[in-house]
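Visitor: Return a 3D structure for these sequence lines:
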Amino acid sequence: MDTITLFKMQKALDSHIELQHKLENDDLFDRKILALLVEIGELANETRCFKFWSVKPSSEQDIVLEEFVDGVHFILSLGIECGYEDIEDITQNRSTVTDTSSQFLAVYESVQKFRDSRSKKDYIDLFGSYMRLAELIGLQEAQIEQAYIQKNEVNYDRQRNGY
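Guide: Predicted structure coming up:
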C-alpha cells in the first residue's frame, strides 16, 4: 500500500476540515481515537462476525470495504497528528489469530495502547493489526487503497455540501 500518498491525501483532507470548522488550534487526538473506535464497531457490525445468535450473513463486500476504509482515514489522521506520516510501508501483523472476532478485540487493544503511549511503535502495531483484520475479512491492499482514494473524494464532497 502506498502509505506516503495516503498520508498526503489525508493530511490535505484534515487541513480542509480543520480550516472549515475552525479547529486548527484544537487538540483532536482523543476525538479521532473515539471516531476510530466507533468506525471499528461499525465494521464489526457489518461483518456480523460476533453475532453467534444470528444466521444472517455479513453485509456485501463493498459495504464492508467502505467501513474498513473509514477506519483507515482515522488511523492515517492519528498518524499525522503524531508526526508519523513518513512511514512508507505498513504490513499486517503476523499473528496466529484466525478468528475475526478475536482480531477485532486485538485491534481495540492496539488502539488503546497507542492512545496511552502515542509511540511510533504502537502506531505501527495498530496499523498492522488493522491490516491483519483486513486479511481475515477478505480485503486486499490494492482494493483498500482504491476505496480509500474514492472515499477521500466523497469526504471532500461532503465538506463542500455542508455535511
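Visitor: which sections of this structure are below the confidence cut-off?
Guide: 92-93, 163 (pLDDT under 70).
Visitor: can you give me the helices in it?
Guide: Using DSSP state H, the helices of the chain run over residues 3-20, 29-47, 61-81, 100-117, 120-136, 141-160.
Visitor: need the ones you listed in CSV with distance to residue 53 and mean neighbour count, can you?
Guide: All C-beta spots, glycine's among them, are computed from the backbone N, C-alpha and C. Output for the helices of the chain, formatted as CSV (distance: least, C-beta to C-beta, whole Å; neighbours: other C-beta atoms under 10 Å):
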stretch, distance to residue 53, mean neighbour count
helix 3-20, 37, 16
helix 29-47, 14, 17
helix 61-81, 20, 21
helix 100-117, 13, 18
helix 120-136, 21, 20
helix 141-160, 30, 15
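Visitor: Go through those helices and name the closest to residue 91.
Guide: Closest to residue 91 of the helices of the chain, according to C-beta to C-beta: helix 120-136, at 6.2 Å.
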